[in-house]
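Q: following is a predicted model, sequence given first.
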Amino acid sequence: DAGITQSPRHKVTETGTPVTLRCHQTENHRYMYWYRQDPGHGLRLIHYSYGVKDTDKGEVSDGYSVSRSKTEDFLLTLESATSSQTSVYFCAISELLNTEAFFGQGTRLTVV
Amino acid sequence: AQSVTQPDIHITVSEGASLELRCNYSYGATPYLFWYVQSPGQGLQLLLKYFSGDTLVQGIKGFEAEFKRSQSSFNLRKPSVHWSDAAEYFCAVVQRPSGGSYIPTFGRGTSLIVHP
């Protein structure tokens, strides 16, 4: 299995609070992604990174920010969590944009 | 925007029966195509991929998929389903939009239910 660790695995937070999810890889892959998975929507790309300090928006980036200060770490921040951000969040990595992605185990976030 | 369509939300098959899961994408240029499987509570695992060459590709766990350019389709098949195949299946496309960069796009998924 690819070395991808997401933390925390589960989190419950209150509306309006900031939340940071962490993705850590040991594969030295260039590309890292954050997706959210919701019933009926499949996986939707939030943000992705193509190198240290190089990031770009995905399909559903509003309300989210990311940072990548090291190759191995990609952080997803919800500045002020809302109930609509209750979801399962997956981190993925790939060597290139057009190669297969390896996924983490997911983080279940509940905003109450 | 590019899109990936998996028209079947749920499919129910009997163990031992054949399976076909459908996937269509919106772009005309040849994309990079993937099928992933997700077991409950797990992340996604790659089943197979198509980049170029032979349009029939073999994957893990006895799955295969066929790329049909004329139909913009990449359907997943298995000749005999096992109970352990019950899972969520996702089709994914990576293609360069006009003037942009490669962006991975996933379908909404098809949930496979296997009856004994």
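A: Perfect, I can see it now.
Q: and residue 111, what's its pLDDT?
A: Chain wasn't specified; assuming chain A. On the pLDDT scale, A:Val111 is placed at 98.
Q: not quite, go with chain B.
A: The confidence metric pLDDT takes the value 96 at B:Ser111.
Q: tell me where the model's unsure across the chain.
A: In the absence of a named chain, this looks at chain A. Low-confidence regions of chain A, defined by pLDDT under 70, span residues A:1-2.
Q: chain B, not that one
A: Counting by pLDDT under 70, the low-confidence segments of chain B come to B:1, B:27-28, B:96-101.
Q: contacting residues for residue 85?
A: No chain in the question, so chain A it is. Contact analysis of A:Gln85 by Cβ atoms under 8 Å, 6 or more residues apart in numbering or on different chains lists A:36, A:63, A:78, A:109, A:111. Placement of C-beta: from N, CA and C, glycine included.
Q: not what I meant, chain B
A: Residues counted as contacts of B:Asp85 (Cβ under 8 Å, 6+ apart) are B:19, B:61, B:78, B:112, B:114.
Q: with B:Ile11 instead?
A: B:19, B:21, B:110-113.
Q: partners of the residue nearest to the spatial centre of chain A in the sheet?
A: For chain A, the residue nearest the mean C-alpha position is A:Trp34 (2.9 Å; Cα atoms, centre = their mean). Counting by DSSP bridges, A:Trp34 is bridged to A:His47, A:Cys91.
Q: returning to that earlier point: looking at the contacts of A:Gln85, state which has the most neighbours.
A: Scoring the contacts of A:Gln85 on neighbours with other Cβ atoms under 10 Å in any protein chain shown, the highest-scoring entry is A:Arg36 at 24 neighbours.
Q: quick check on that one: phi, psi?
A: Dihedral pair for A:Arg36: phi -120, psi 140, per degrees, to the nearest 10.
Q: if we can go back for a sec, any chance of JSON lines for the contacts of A:Gln85, columns secondary structure and distance to B:Leu33?
A: JSON lines is the format used below for these (DSSP: H, G, I helix; E, B strand; the rest coil; distance: Cβ to Cβ, whole Å):
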{"residue": "A:Arg36", "secondary structure": "strand", "distance to B:Leu33": "22"}
{"residue": "A:Gly63", "secondary structure": "coil", "distance to B:Leu33": "31"}
{"residue": "A:Leu78", "secondary structure": "strand", "distance to B:Leu33": "32"}
{"residue": "A:Leu109", "secondary structure": "strand", "distance to B:Leu33": "30"}
{"residue": "A:Val111", "secondary structure": "strand", "distance to B:Leu33": "35"}
